[in-house]
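Visitor: Fold the following and give me the result.
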Amino acid sequence: MNESRRQHKVAEEIAHQGGEFIARYVKGGGALITVTRAEISPDLKNVTVFFTVLPENKEEESLKNLKRLRTDFHDYLKEKTVLRNVPTVDFQIDLGEHNRQRIDELTRK
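Guide: This next block holds a predicted model:
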């Protein structure tokens, strides 16, 4: 993905704030939720925050919880960042991280 410096900086900040938000306000139900990255649209109006969950059987429940808290996270970003226009937020499970872990497993065998 060829992103501008501004896109990269905004995505990094949102990923960081996503981790802070999850640590403070999301009840994991025994799950460890880790933000891995954020991808932002070229117009900076939409952002997808990617995350992993351990144990993996808590992924769907965590995804539902995070999607339910999108508005709260949007408000949190308004408060914690200096962005003129806070993008619309979506959350997704990071399947790329799953694939990386699977490859690591296979190479260890």
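
Visitor: which residues in this structure form strands?
Guide: 32-40, 46-54, 88-93 (DSSP state E).

Visitor: Can you add mean neighbour count and give those strands back as TSV?
Guide: (C-beta placed from N, C-alpha, C; glycine too.) Output for the strands of the chain, formatted as TSV (neighbours: other Cβ atoms under 10 Å):
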stretch	mean neighbour count
strand 32-40	18
strand 46-54	19
strand 88-93	17
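
Visitor: Of these, which is nearest Asn2?
Guide: Relative to Asn2, the nearest member of the strands of the chain by Cβ to Cβ is strand 32-40, separated by 12.4 Å.

Visitor: How about residues contacting the closest one?
Guide: Under the criterion Cβ atoms under 8 Å, 6 or more residues apart in numbering, residues 1, 3, 7, 10-12, 14-16, 18-19, 22, 26, 46-54, 62, 66, 87, 94, 96-97 lie in contact with strand 32-40.

Visitor: Just the angle for it relative to strand 46-54, thanks.
Guide: 160 degrees (axes from the mean of the first three to the mean of the last three Cα atoms, to 10 degrees).

Visitor: mind saving the C-alpha coords of stretch 80-99 as CSV?
Guide: Only the C-alpha atoms of stretch 80-99 are listed here, as CSV (Å, rounded to 0.1, in the frame of the first residue of the first chain):
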residue,chain,number,x,y,z
LYS,A,80,-7.4,12.5,22.8
THR,A,81,-6.2,13.6,19.3
VAL,A,82,-5.8,16.9,17.5
LEU,A,83,-7.4,15.6,14.3
ARG,A,84,-9.6,18.2,12.7
ASN,A,85,-12.0,15.5,11.4
VAL,A,86,-12.0,12.2,13.2
PRO,A,87,-12.5,9.3,10.7
THR,A,88,-15.3,6.8,10.9
VAL,A,89,-13.9,3.7,12.7
ASP,A,90,-14.3,0.0,12.0
PHE,A,91,-12.6,-2.9,13.7
GLN,A,92,-11.4,-6.1,12.1
ILE,A,93,-9.6,-9.2,13.2
ASP,A,94,-6.1,-9.2,11.8
LEU,A,95,-6.0,-12.3,9.7
GLY,A,96,-2.5,-11.4,8.5
GLU,A,97,-1.2,-12.0,12.0
HIS,A,98,-3.0,-15.4,12.0
ASN,A,99,-1.2,-16.3,8.8
